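Undergrad: What would the 3D arrangement of this be:
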Amino acid sequence: MENGVFLKGKNCYLRAFELGDEQMIRDLNNSPEPRETLYYAIPTSSIQWKERFTKELDDHSTIFFTICDVETHKPIGQTALVRIDWVGRMGIYYLGIAYPEFWGKGIGSEVTKLMVDYTFKTLNFNRIELKVASENTGAIKVYEKQGFKREGTLRQAMYRDGRYSDFHVMSIIRDDLD
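TA: Presented below is the predicted three-dimensional model:
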């Protein structure tokens, strides 16, 4: 049953964070495959995530969604707008899919489209930005497909596996939608 569906796509839907989702977020942050592209370096427990979300749900500078598979209703990832500037009408976009069996199925593109539409049409934002590792070509293609443009590169911005990696800053603004 699709309890609490907020935004619905063909293969997934977005809903508010619910108790129990912290286990999926623990998997997202601790499993080697997702950590490979998200650059998480410190292990976290579901207890830590439950405490964090209890605090952050009242923070108006962040909007969290749990990504659920439309067939199984299983929580499979998280997306968010963080560091929202309500005066400047902008926020930073985040997307993480916890389980590799859901990668490469168009869910990242679908979630990104849902979030772009929601951010511009419902929240009346003017800008969404994100940062992505330069070697994460799959994610870059997803973002470009939805209209994000590369603005610049943060050279050697993150350290992992004995080396520094560049990150691209990408954005989409309302005028890009025309």
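
Undergrad: going forward, measure contacts between C-alpha atoms and count neighbours the same way
TA: Noted.

Undergrad: just checking, what packs against the one helix or strand R155 maps to?
TA: In this assignment (DSSP states H and E), R155 forms part of strand 149-160. Contacting strand 149-160 under the criterion 3 or more Cα pairs under 8 Å, 6 or more residues apart in numbering; DSSP states H and E are the following elements: strand 163-173.

Undergrad: Which strands or helices does the helix or strand where D117 lies pack on?
TA: Using DSSP H and E, D117 falls within helix 107-117. When contacts are defined as 3+ Cα pairs under 8 Å, 6+ apart, helix 107-117 sits against strand 12-15, strand 90-97, helix 137-145.

Undergrad: any chance of these in CSV, plus mean neighbour count and distance to T122?
TA: Output for the helices and strands packed on helix 107-117, formatted as CSV (neighbours: other Cα atoms under 10 Å; distance: least, Cα to Cα, whole Å):
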stretch, mean neighbour count, distance to T122
strand 12-15, 24, 15
strand 90-97, 21, 13
helix 137-145, 16, 20
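
Undergrad: Point out where this protein drops to low pLDDT.
TA: Applying pLDDT under 70 to the chain flags the ranges 1-2, 29-43, 49, 53.

Undergrad: rerun at 90
TA: 1-4, 17-60, 98-100, 103-104, 135, 157-163, 177-178 (pLDDT under 90).

Undergrad: How many residues are close by the closest residue to L114 other than its chain neighbours?
TA: For L114, the nearest residue in space outside its immediate sequence neighbours is L7; the separation is 6.8 Å by Cα to Cα, 6 or more residues apart in numbering. Burial measure for L7: 17 neighbouring residues, criterion other Cα atoms under 10 Å.

Undergrad: secondary structure class for L7?
TA: Local secondary structure at L7 is given as strand here, using DSSP: H, G, I helix; E, B strand; the rest coil.

Undergrad: F64 sits in which helix or strand?
TA: Using DSSP H and E, F64 maps to strand 63-69.

Undergrad: Helix 107-117 and the next helix-or-strand element following that strand, what's the angle between them?
TA: The element immediately downstream of strand 63-69 (helix or strand, assigned by DSSP H and E) is strand 75-85. Using axes from the mean of the first three to the mean of the last three Cα atoms, to 10 degrees, one finds that strand 75-85 and helix 107-117 are set 30 degrees apart in direction.

Undergrad: contacting residues around the residue nearest the centre of the chain?
TA: The residue lying closest to the centre of the chain (Cα atoms, centre = their mean) is L95, at 1.6 Å. Applying Cα atoms under 8 Å, 6 or more residues apart in numbering, we find L95 in contact with G77, Q78, T79, A80, G108, T112.

Undergrad: Quick check: the gap between L19 and K50.
TA: To K50, L19 is 7 Å away according to Cα to Cα, to the nearest Å.

Undergrad: If you count surrounding residues, which of these two has more?
TA: Neighbours were counted for L19 and for K50 using other Cα under 10 Å; K50 has more, 19 against 10.
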